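Enquirer: what's the 3D shape of this:
(chains A and B)
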Protein chains: 2
Amino acid sequence: MQFTEEKFARHMRPINGSAIREIFKLLARPGMISFAGGNPSNTALEPEVISELSGKVLSQYGTTLLQYGATDGFGPFRESAAAFLNTEGVKCDASQVLPVQGGSQAFDLLLKALVDPGDVVLCESPTFLGAIQAMREYNARLVAMPTDENGVIVEAAEALIKEHHPKLMYVIPTFQNPTGITLSLERRKALAALASQYGVVIAEDDPYRDLRYSGEPLPPIQSFDEEGWVVYMSSFSKYIAPGMRLGAAAVTNPPLLRKMVIGKQSADVHSPLLNQAIVDAYLRAGLMPAHLARICGDYKKQLDAMLDGFKCFPAGTKHTLPQGGLFVWSELPEGVDGLKAFEAAVEAGVAFVPGTHFYPDGGHLNTLRLNFSMCDIPTIEEGMRRLGKVISEMRS
Amino acid sequence: MQFTEEKFARHMRPINGSAIREIFKLLARPGMISFAGGNPSNTALEPEVISELSGKVLSQYGTTLLQYGATDGFGPFRESAAAFLNTEGVKCDASQVLPVQGGSQAFDLLLKALVDPGDVVLCESPTFLGAIQAMREYNARLVAMPTDENGVIVEAAEALIKEHHPKLMYVIPTFQNPTGITLSLERRKALAALASQYGVVIAEDDPYRDLRYSGEPLPPIQSFDEEGWVVYMSSFSKYIAPGMRLGAAAVTNPPLLRKMVIGKQSADVHSPLLNQAIVDAYLRAGLMPAHLARICGDYKKQLDAMLDGFKCFPAGTKHTLPQGGLFVWSELPEGVDGLKAFEAAVEAGVAFVPGTHFYPDGGHLNTLRLNFSMCDIPTIEEGMRRLGKVISEMRS
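Expert: Have a look, this model is predicted:
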């Protein structure tokens, strides 16, 4: 018998993978300038440091790192991750930290624990593509919360909670992917209060928090949560190395933590111990502050070059002014089709991600996401010139 | 508002985690002899080798191992894993290998791709606890296939396929967990034929295959599959190191591989590159054959000591005679309650896993699973004496 599409779970049939992954295939063309990714800069990565720490922890812990470990995590890493999260303003102790395969797995485990097919999950619109896909894979119904330049509009979110009784709300509060927008202090407080009032779990996905180039840090939504409704999802992907696949979720609600651990037992048993021990050693060696200072210094210059490059774009182009993170979001003058602009841009040797892909309901064809972390400054300047020219020509 | 059980997805509410994990807490008592685990021996683990390979690959590949990687895997590892699987009799090339976080994740991704709530999954009974939990987490309906000393009874499996139209069948063909039984050659052929005839995906979970201490290796079920219905799940946990969390699934059906990759994109983006590169280097250095020969030599002696120890058990005790793997399965004389025996055994300083936990429908209270890989021979002898005494006393 031949395998046919009907063998797949119903809700999985239409899910065909990340649009960004398709775009990445185009980036191999010679001379292509890519604003499409979301990777840290290669210059931010430290293979010698990781190699030294790997040798150190294997010598220190020996077979312990190679045996099976506990699903709820490697003790020393839970301690150092809790200490790190405390410096971020997150209220948690080591017993409330769950090591995960990047922030993605924390959200996956939350969806697994909470969502019955058809349950509503509230999210920003636009939002992270991977999260959209994850919600669809759990057969959730995505409902978009209206946002403005200060993030989620609280009154609108409250109205949607009353209408849909969601179990879960997904928010990227700091230097949001894709917009670069940061949720304001008062809205952070207000969302924590809504979660508690209506009994909605908030998945606070905050992987860019320490990539701040200007302005003052804001406390996490989680810091205003008194009853364990907010799950804080941190990741070492953007700070140390995405290839290590290690993040840490702070879950102060014991039954919810327990159910996420149960989900992880059958998903992958536990996170690799070597990776947990390396990041633990990195944190304990106190390497993070100087490392972040260095990479933020570089990223700030790259962001400034990209913002300056908008001078090449036609009048009527809008863009965000992020204080950190990896992305700038742009709205082209009405009527310019971002998908067509993408094709023309690739011909001209520059790539980005059309903004429509980040909207659960599509549309918004005149938007685009630009990443600046992977190009040096002359490349950013040249890329913005090429892109500005392409878009100007589409206007004329 | 207080968080309540009703917030969880309905089918997740009754899932409270692995019984074995609770048993493990008792093992910390001083002097306790444990036949309860399923870990490789600490003497089988090679922290110096892993440390050297880690340094080598980080020096060779540099930042590549620390950046984001492809969900479908690190190219060199896919190649060496395919070559390794080919030596196991698995028919696949590198493009059909998906790196996973141990065999558990391969099964999790298959369930995610295929199972609608209420869909039937066929499995052996008894079977691996983690698989039972995974199936429940995807709200599958578990239907047990009758087995005998040669594994799944094919005629009974066919009748169940006709009755239930399952999408998926889960089988551990070699040195099964928990029984140690190996599926016979002709049944391997017959199951592959059933899969093709009725359109049922077989998840062939084969992590113990190379831990063979006597008898001749049998070809995998997958080797008889012509149409891509059998997914072969291998793991380096039992051969190299479970703490590394790395396995390899061979998926020769392109749409199914694609859907598993999509599931993995949102579950964890990709498997850690450092771990893939270390195991790749291990395989390329040709370390596996001598390593397996060494650990199989040790495990054989441990297995023999355990089998010999049954002389301390009362008449009427039955046990399997595994040719490999990590487990022996025993049926106590009718009327001896394995849960009560467990309590008495823990008092006497020896632990095992009551067999009832491995049955999707419970029952079979007179069965137990014994692991021999984690104890040296004098400890196995002493443990079997203690256990034999406890069980003899329960009989009198």
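Enquirer: rest of the way, CA atoms for contacts and neighbours
Expert: Fine.
Enquirer: which bits of the stretch 201-350 of chain A sit near chain B?
Expert: Taking Cα under 8 Å from any Cα of the partner chain as the contact definition, the stretch 201-350 of chain A meets chain B at A:227-229, A:241-245, A:253, A:259, A:262-263, A:265-274.
Enquirer: I'd like to know which helix or strand in chain A has the lowest mean pLDDT.
Expert: Least confident helix or strand, chain A: helix A:19-26 with a mean of 74, by mean pLDDT, DSSP states H and E.
Enquirer: do that helix and chain B meet at all?
Expert: No: judged by Cα under 8 Å from any Cα, helix A:19-26 stays clear of chain B, getting no closer than 9.0 Å.
Enquirer: Pull the distance from that helix to the chain's centre.
Expert: 18 Å (Cα atoms, centre = their mean, to the nearest Å).
Enquirer: again, but for stretch A:19-34
Expert: Taking mean C-alpha positions (Cα atoms, centre = their mean), stretch A:19-34 and its chain are 20 Å apart.
Enquirer: Need the CA coordinates for it. PDB is fine.
Expert: Extracted C-alpha coordinates of stretch A:19-34, given in PDB (Å, rounded to 0.1, in the frame of the first residue of the first chain):
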ATOM      1  CA  ALA A  19       8.400  29.700   5.200                       C
ATOM      2  CA  ILE A  20      11.700  31.100   6.500                       C
ATOM      3  CA  ARG A  21      13.400  27.700   6.000                       C
ATOM      4  CA  GLU A  22      12.500  27.900   2.300                       C
ATOM      5  CA  ILE A  23      13.900  31.400   2.100                       C
ATOM      6  CA  PHE A  24      17.100  30.200   3.600                       C
ATOM      7  CA  LYS A  25      17.700  28.000   0.600                       C
ATOM      8  CA  LEU A  26      18.000  31.200  -1.600                       C
ATOM      9  CA  LEU A  27      20.700  32.600   0.700                       C
ATOM     10  CA  ALA A  28      23.400  30.300  -0.700                       C
ATOM     11  CA  ARG A  29      23.500  32.300  -3.900                       C
ATOM     12  CA  PRO A  30      26.900  34.000  -4.300                       C
ATOM     13  CA  GLY A  31      27.000  37.600  -3.200                       C
ATOM     14  CA  MET A  32      23.600  37.500  -1.400                       C
ATOM     15  CA  ILE A  33      23.300  39.800   1.500                       C
ATOM     16  CA  SER A  34      21.000  38.300   4.100                       C
END
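Enquirer: Mind giving me the packing neighbours of the lengthiest helix in chain A?
Expert: Longest helix of chain A, by residue count under DSSP state H: helix A:288-309. In this structure, helix A:288-309 makes packing contacts with helix A:377-395, judged by 3 or more Cα pairs under 8 Å, 6 or more residues apart in numbering or on different chains; DSSP states H and E.
Enquirer: Chain A - how does it break down into domains?
Expert: Following the assignment in automatic domain parsing, chain A carries domains at A:5-45+A:289-395, A:67-284.
Enquirer: From start to finish, how long is the shortest one in a straight line?
Expert: Just to be clear, that refers to domain A:5-45+A:289-395. Chord length of domain A:5-45+A:289-395, first to last residue, is 42 Å (Cα to Cα, to the nearest Å).
Enquirer: ok, now the longest one?
Expert: Between the opening and closing residues of domain A:67-284 lies a distance of 23 Å (Cα to Cα).
Enquirer: now the strands for the stretch 1-150 of chain A?
Expert: A:33-34, A:97-100, A:120-124, A:141-145, A:147-148 (DSSP state E, counting those that start in this stretch).
Enquirer: Single out the most deeply packed of those.
Expert: strand A:97-100 (a mean of 28; mean count of other Cα atoms under 10 Å in any protein chain shown).
Enquirer: any idea of the mean pLDDT in it?
Expert: For strand A:97-100, mean pLDDT is 98.
Enquirer: Show the contacting residues for the residue of the stretch 201-350 of chain A at minimum distance from chain B.
Expert: Residue of the stretch 201-350 of chain A nearest chain B, by Cα to the nearest Cα: A:G243 (4.2 Å). A:G243 sits next to A:S237, B:L65, B:L66, B:Q67, B:Y68, B:G69, B:P272, B:L273, B:L274 when contact means Cα atoms under 8 Å, 6 or more residues apart in numbering or on different chains.
Enquirer: How about the residues of the stretch 51-200 of chain A by chain B?
Expert: Near chain B, when you scan the stretch 51-200 of chain A using Cα under 8 Å from any Cα, you find A:51-52, A:54-55, A:58-59, A:62-63, A:65-69, A:101-102, A:104-105, A:108, A:112-116, A:130-131, A:133-134, A:137, A:167, A:196-199.
Enquirer: among these, which are in helices?
Expert: Reading helices off these with DSSP H, I get A:51-52, A:54-55, A:58-59, A:102, A:104-105, A:108, A:112-114, A:130-131, A:133-134, A:137, A:196-198.
Enquirer: Buried ones only from those, please, as a PyMOL command.
Expert: Those of these that count as buried under 16 or more other Cα atoms under 10 Å in any protein chain shown are selected in PyMOL with:
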select buried, chain A and resi 51+54+55+58+102+104+105+108+112+113+114+130+131+133+134+137+196+198
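Enquirer: quick one on the thing from earlier: dump the contacts of A:G243 into TSV; add pLDDT, distance to B:E22 and neighbour count as well.
Expert: Shown next, in TSV, are the contacts of A:G243 (pLDDT from 0 to 100; distance: Cα to Cα, whole Å; neighbours: other Cα atoms under 10 Å in any protein chain shown):
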residue	pLDDT	distance to B:E22	neighbour count
A:S237	98	33	23
B:L65	98	37	25
B:L66	98	36	26
B:Q67	97	38	24
B:Y68	95	36	22
B:G69	95	36	19
B:P272	98	29	32
B:L273	98	33	22
B:L274	98	32	26
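Enquirer: can the residues you listed go into CSV with extra columns for distance to B:L292?
Expert: Formatted as CSV, the contacts of A:G243 follow (distance: Cα to Cα, whole Å):
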residue, distance to B:L292
A:S237, 35
B:L65, 28
B:L66, 30
B:Q67, 32
B:Y68, 32
B:G69, 30
B:P272, 25
B:L273, 24
B:L274, 23
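Enquirer: Which two among those are spaced furthest apart?
Expert: Greatest spatial distance among the contacts of A:G243 (Cα to Cα): A:S237 and B:L274, at 13.7 Å.
Enquirer: any common contacting residues for these two?
Expert: A:G243, A:M244.
Enquirer: hang on, the earlier thing: residues in contact with the longest helix of chain A: which ones?
Expert: By Cα under 8 Å, 6+ apart, helix A:288-309 touches A:44, A:210-213, A:239, A:282, A:321, A:324, A:326, A:372-373, A:375-377, A:380-381, A:384-385.
Enquirer: cutoff 6 Å now
Expert: Applying Cα atoms under 6 Å, 6 or more residues apart in numbering or on different chains, the contact partners of helix A:288-309 are A:A44, A:L211, A:Y213, A:F372, A:I377, A:M384.
Enquirer: between those residues, which is nearest B:G316?
Expert: Distance to B:G316, by Cα to Cα, is smallest for A:A44 among the contacts of helix A:288-309, at 66.3 Å.
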